[in-house]
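> The following comprises the amino acid sequence and a computationally predicted model.
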Amino acid sequence: MFAEFEQRKAQLEKQDADAKKKAQAEQAEREFMEALKKREEKMWEKSRQKRVNGWRQWENSGGFKSKIPKTKEEKRSDGSSGYNEHNEKAGSSYKKEWR
């Protein structure tokens, strides 16, 4: 009976030691990740001016140029554009008829 108690006590002590080791490892990992995050944030802030200057340079050079050609609205033989011209004359009242 005493041997069982001693065995159980040793087993509980081993489990407690393992739990402490695991907690220490998790704490070390957490501290490492926090330090890494702080370092990355510091580097991000440090490179801000470079990013801003790059953006301004890109904007001043003309920015994004679309490769899609602009299309012209089709004109009828009488010079009107058709559908859009009719709706412009009608105002927004034609929208009520859609419902």
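Great, that's in hand. Just so it is clear, the model here is predicted, and its values are computed rather than measured. Numbering: from 1, shown residues only.
> Quick one: distance of the helix or strand harbouring Lys22 to the chain centre.
In this assignment (DSSP states H and E), Lys22 forms part of helix 2-46. Centroid separation for helix 2-46 versus its chain: 31 Å, with C-alpha atoms, centre = their mean, to the nearest Å.
> quick check: mean pLDDT across the following helix or strand past that helix?
Per DSSP H and E, the first helix or strand lying C-terminal to helix 2-46 is helix 48-60. The average pLDDT for helix 48-60 rounds to 90.
> ok, and for helix 48-60, which residues are buried?
Within helix 48-60, no residue counts as buried by 16 or more other C-beta atoms under 10 Å. Bear in mind the C-beta positions are built from the backbone N, C-alpha and C, glycine included.
> Next: stretch 26-36.
In stretch 26-36, counting by 16+ other C-beta under 10 Å, buried: nothing.
> how about the CA coordinates for that stretch, as CSV?
Taking C-alpha atoms only, stretch 26-36 is exported to CSV below (Å, rounded to 0.1, in the frame of the first residue of the first chain):
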residue,chain,number,x,y,z
GLU,A,26,5.1,28.1,-24.2
GLN,A,27,6.1,31.3,-22.3
ALA,A,28,9.5,31.3,-24.2
GLU,A,29,7.7,30.9,-27.5
ARG,A,30,5.2,33.7,-26.7
GLU,A,31,8.1,36.0,-25.7
PHE,A,32,9.9,35.2,-28.9
MET,A,33,6.8,35.8,-31.1
GLU,A,34,6.2,39.2,-29.3
ALA,A,35,9.8,40.2,-29.9
LEU,A,36,9.6,39.2,-33.5
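> and the helix holding Lys22, what does it pack onto?
Packed against helix 2-46, as judged by 3 or more C-beta pairs under 8 Å, 6 or more residues apart in numbering; DSSP states H and E, are no other helices or strands.
> Could you check the angle it makes with helix 48-60?
Taking axes from the mean of the first three to the mean of the last three C-alpha atoms, to 10 degrees, one finds that helix 2-46 is oriented at 50 degrees with respect to helix 48-60.
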